[in-house]
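> Below are the sequence and a predicted model for it; my questions follow.
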Amino acid sequence: MPAYLDHASTTPLHPAGRAALLAALDDGWADPARLYREGRRARMLLDAARETVAGVLGARADEVSFCSSGATAAHLAVLGTAAARRRAGDLVLVSAVEHSSVLHAAERHERAGGRTRTLDVDRHGRVDPASCVPPPGTALVSVQHANHEVGTIQPVAEVAEALHTAAGSRDASGPAGAGGSADRSSVDRSSVDRSSVDRVPLHTDAAMTVGRIPVDVTALGADLLTASAHKFGGPAGVGILVVRAGTRWTNPMPADEREAGRAAGFPNLPAIVAAAAALHARAGELAAERERLGALTAQLRARLPALVDDVELLGDPDPAGRLPNLVAFSCLYVAGEALLGELDRAGIAVSSGSSCTSDSLTPSHVLVAMGALSHGNVRVSLGRDSTAADLTALLDVLPGAVAAIRERAGAVGL
């Protein structure tokens, strides 16, 4: 394909992950729960993978578990925390722009008798930390690390600080009022008391950021973090669940002895080993890749308005506030599905509409929450194999494709 520009959906297996996968198919086939030689060897590989992932994410190894997907990890994080904190409350707060996996878990919680509340976002898709201050009876707050459709990075550290401040205020004088937003550079993560039983835990879905920008769960102040291996160059079928020590959590599903009781079933050890190898390799590439891909997406954002009339760029205009590899935009008088078809016929792979429900014609809940134009939406996302030639191929085709669709729709000259 001339230009694959949908790396936010999934990205090819990293060479380091591929090499680790092939080696682990030979060395890691046995049951890591068994005590004979082959089992011990498999256990060593599993432990090493866990240590590697924990080291990259700033967690302890015993806080990291592997499950079957990022969606499963998000379900376990939300539902497991809500179940464990029933006595504290039954309210789950989620941002309006969360991935569908988090929203579906919140809906499941509500169907089971719990309550949910949606946190509004601004026109860039960002929550206000002050709005995340939990009312009494809150079990969990879930705020993604970066948005999967427009690339806006959320103020997760400030949200964590707001939760900590609210807990301190309740300890001192009852329910907390609305706290202010702390400056990102001034948040002292060491001041967050993780052992406080009154502090409402924070989950962050880091599927879009792990392997793309530095992610340190301790620095973020999150109590639970989830991610998906196929997003950063690992194989599909590996989800990462981090549950920090001291966080009240119970498995909402039938459990067994695997993964410290957090994820049941025989682990896909070769895939887990490959995911850890890919993540470690990506960590070493981040600085250079962020600069390279950030320059490419900046060029794309600069050129789009000059090439296409009535285009709206989405997400934070400040490069520091968005992912370096993602550009989202909407074109007036254009159907997103039609535009995708035109680009696909030219060999350009991008995504459109809601990135987590692409088979649905309903408008993206993310764009609706932002108050953005939801028609003719395109998400361009780059990966480690992307080049300037890929963007040139896109820009060579896009203006003509938009014009042709508008002409067919009778929107020319409006």
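Happy to help now that I have it. These figures come from a predicted structure and were not determined experimentally. Residues are numbered from 1 along each chain as shown.
> The lengthiest helix in the chain packs against which elements?
In the chain, taking DSSP state H as the definition, the longest helix is helix 269-307. Applying 3 or more Cβ pairs under 8 Å, 6 or more residues apart in numbering; DSSP states H and E, we find helix 269-307 packed against helix 15-27, helix 37-57, strand 311-314, strand 326-331, helix 388-409. The C-beta positions use only the backbone N, C-alpha and C, and glycine is treated the same way.
> Deepest in the core, which of these is it.
Ranked by mean neighbour count under mean count of other Cβ atoms under 10 Å, those are led by strand 326-331, which reaches a mean of 25.
> angle of the longest helix of the chain against helix 37-57?
For helix 269-307 against helix 37-57, the angle by axes from the mean of the first three to the mean of the last three Cα atoms, to 10 degrees is 30 degrees.
> next one: helix 269-307 to chain centre, how far?
14 Å (Cα atoms, centre = their mean, to the nearest Å).
> what mean pLDDT does that helix have?
Mean pLDDT, computed over helix 269-307, is 97.
> Residue 117 in helix, strand or coil?
When classified by DSSP: H, G, I helix; E, B strand; the rest coil, residue 117 comes out as strand.
> Give me the neighbour count for it.
With neighbours defined by other Cβ atoms under 10 Å, the count for residue 117 comes to 13.
> Give the bridge partners for it, please.
Beta-bridge partners for residue 117, by DSSP bridges, are residue 93.
> 31 is where my numbering starts, stick with that
Let's use 31 as the start, then, which means that last one is residue 147.
> what's the pLDDT at it?
Note for residue 147: predicted pLDDT of 97.
> And the one 3 residues further on, by the same measure?
Listed pLDDT for residue 150 reads 97.
> same thing with residue 439?
80.
> Any figure for the gap between residue 51 and residue 99?
Distance from residue 51 to residue 99, counting by Cβ to Cβ, to the nearest Å: 17 Å.
> Report the contact partners of residue 55.
Residues in contact with residue 55 (Cβ atoms under 8 Å, 6 or more residues apart in numbering) are residue 300.
> In this structure residue 36 contacts residue 412, no?
No. Using Cβ atoms under 8 Å, residue 36 is not in contact with residue 412, being 9.6 Å away.
> And those two? Which one has more around it.
Neighbour tally, residue 36 and residue 412, criterion other Cβ under 10 Å: the higher count belongs to residue 412, 28 against 20.
> which residues touch that one?
Shown in contact with residue 412 (Cβ under 8 Å, 6+ apart): 35, 37, 323, 326, 327, 355, 356, 420.
> how many neighbours does the fourth one have?
If you count neighbours by other Cβ under 10 Å, residue 326 ends up with 19.
> any idea how far it lies from residue 421?
For residue 326, the distance to residue 421 - Cβ to Cβ - is 6 Å.
> repeat for residue 55
Using Cβ to Cβ, we find residue 55 at a distance of 36 Å from residue 421.
> For residue 153, give me the pLDDT.
96.
> Quick one: low-confidence residue ranges for the stretch 31-180 of the chain.
For the stretch 31-180 of the chain, the stretches flagged by pLDDT under 70 are 31.
> Which residue, other than its chain neighbours, is closest to residue 284?
Closest residue in space to residue 284, ignoring its immediate chain neighbours: residue 294 at 6.4 Å, by Cβ to Cβ, 6 or more residues apart in numbering.
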